[in-house]
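> show me how the following folds:
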Amino acid sequence: MVNKYFSIIGGIVITTVLLSGCSEKILNAKGNPNQSEVLSDPDNKNSIPTDQKQKNVENTEQPEPSLTEENVKPKEQEGSATPESIQVVFNPESIPVLVNKQNKLPDNYNPTDLIFTDIPFVSGASNEKRKMRKEAAAAVSQLFAGAKAEGISLLGVSAYRSHATQTTLFNYYVNRDGYEKARTYSALPGTSEHETGLAIDVTGGNGKCAAEDCFGGTKEAAWLEQHAAEYGFIIRYPQGKEYITGYQYEPWHLRYVGKEIAIEIMNKGITLEEYNSAI
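Here you go, the predicted structure:
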């Protein structure tokens, strides 16, 4: 059972525009809507060539100078949609905690049980992004082992991301594209599932299609769709549910919620938002 009580940030509102696009999905320097945030690296002065994606993926330790924290504060824009209040989740340590565009983690939240995962990652993944919360790390190890036993090879792309890292990343995009545009493809600090330590982006063993739309047509994606729930994971942003999650289909983005909840969500074909509203 999930605790649904929230505290509301007094006086802070944000314009939320429900667009097709995901929290980790961005435009690269050339405006390609199919390239993932994890492949458009603030560290690199130029956009990353296709054949260099695996080598340079998620290397954001030394980004270009970013904007200040002020720039990521939600603010009302003229001519925008009706703003919605962002709520701070009351139970950030809860395994099935709901974090999305309307529900954020406390600014000072840091998972206390982060450990390194025992799975292979794409080349270039930072140490931080190889971590998950202890229970989720054990589960993802079992998932990878289960996939391997059935001839499916997987690689981790990006797991945990600290609030500071998400702030730097989001600021970089604001600096490059402006607040409104950045908001359509990158998650505001505090609203990215990666900050919970319970989410991980994965790809096939060849390292191709890492956090890209082309992963959706692979045998690895099909296996995850069928078996992820057996290990306590859900496809967090399923196809056809963009109007609920706020993000487009992400077959690579796995979220740990525990076996019982995961099986219920996947069997019913619902989202974490729908699960929470029904309990």
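
> residue ranges with poor pLDDT in the protein?
1-84, 184 (pLDDT under 70).

> try it again at 80.
Scanning the chain with the threshold set as pLDDT under 80 gives 1-84, 181-186.

> where do the strands of it begin and end?
Along the chain, counting by DSSP state E, strands occupy 6-14, 84-89, 103-104, 114-116, 131-133, 154-158, 199-204, 233-237, 250-256.

> want to throw those strands into JSON lines with mean neighbour count and distance to Thr168?
Yep, even glycine has a C-beta here, placed from its N, CA and C like the rest. Listed next are those as JSON lines, based on neighbours: other C-beta atoms under 10 Å; distance: least, C-beta to C-beta, whole Å:
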{"stretch": "strand 6-14", "mean neighbour count": "13", "distance to Thr168": "20"}
{"stretch": "strand 84-89", "mean neighbour count": "17", "distance to Thr168": "20"}
{"stretch": "strand 103-104", "mean neighbour count": "22", "distance to Thr168": "17"}
{"stretch": "strand 114-116", "mean neighbour count": "16", "distance to Thr168": "19"}
{"stretch": "strand 131-133", "mean neighbour count": "24", "distance to Thr168": "17"}
{"stretch": "strand 154-158", "mean neighbour count": "25", "distance to Thr168": "14"}
{"stretch": "strand 199-204", "mean neighbour count": "26", "distance to Thr168": "18"}
{"stretch": "strand 233-237", "mean neighbour count": "26", "distance to Thr168": "23"}
{"stretch": "strand 250-256", "mean neighbour count": "27", "distance to Thr168": "20"}
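
> now render these as a markdown table, adding distance to Ser277.
Shown next, in a markdown table, are the strands of the chain (distance: least, C-beta to C-beta, whole Å):
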| stretch | distance to Ser277 |
| --- | --- |
| strand 6-14 | 13 |
| strand 84-89 | 14 |
| strand 103-104 | 12 |
| strand 114-116 | 29 |
| strand 131-133 | 24 |
| strand 154-158 | 28 |
| strand 199-204 | 20 |
| strand 233-237 | 15 |
| strand 250-256 | 17 |
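
> to Thr191, which of those lies closest?
The minimum distance between Thr191 and the strands of the chain falls on strand 103-104, with 4.8 Å, by C-beta to C-beta.

> distance of Asp201 from Pro92?
To Pro92, Asp201 is 21 Å away according to C-beta to C-beta, to the nearest Å.

> Gln102 too?
From Gln102 over to Pro92 (counting by C-beta to C-beta), the distance is 15 Å.

> and if you look at Ala228?
For Ala228, the distance to Pro92 - C-beta to C-beta - is 23 Å.

> these two - which one has more neighbours?
Counted by other C-beta atoms under 10 Å, Ala228 and Pro92 do not tie: Ala228 has more neighbours, with 24 against 16.

> so what pairs up with the nearest residue to the more buried one once chain neighbours are set aside in the strands?
Excluding its sequence neighbours, the residue lying closest to Ala228 (C-beta to C-beta, 6 or more residues apart in numbering) is Leu254, at 6.0 Å. Taking DSSP bridges as the rule, Leu254 bridges to Ile200, Ile235.

> check contacts around Leu254.
140, 143, 199-202, 224, 228, 233-236 (C-beta atoms under 8 Å, 6 or more residues apart in numbering).

> cool, and Leu155?
119-122, 202-205, 207, 210.

> ok, of the residues you listed, which come out buried?
119, 121-122, 202-204, 207, 210 (16 or more other C-beta atoms under 10 Å).

> and those residues as a markdown table, adding distance to Leu155?
Output for the buried ones among the contacts of Leu155, formatted as a markdown table (distance: C-beta to C-beta, whole Å):
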| residue | distance to Leu155 |
| --- | --- |
| Ile119 | 8 |
| Phe121 | 6 |
| Val122 | 5 |
| Val202 | 7 |
| Thr203 | 5 |
| Gly204 | 7 |
| Gly207 | 6 |
| Ala210 | 8 |
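
> closest one of those to Arg130?
Looking across those and measuring by C-beta to C-beta, the closest to Arg130 is Phe121, at 5.6 Å.
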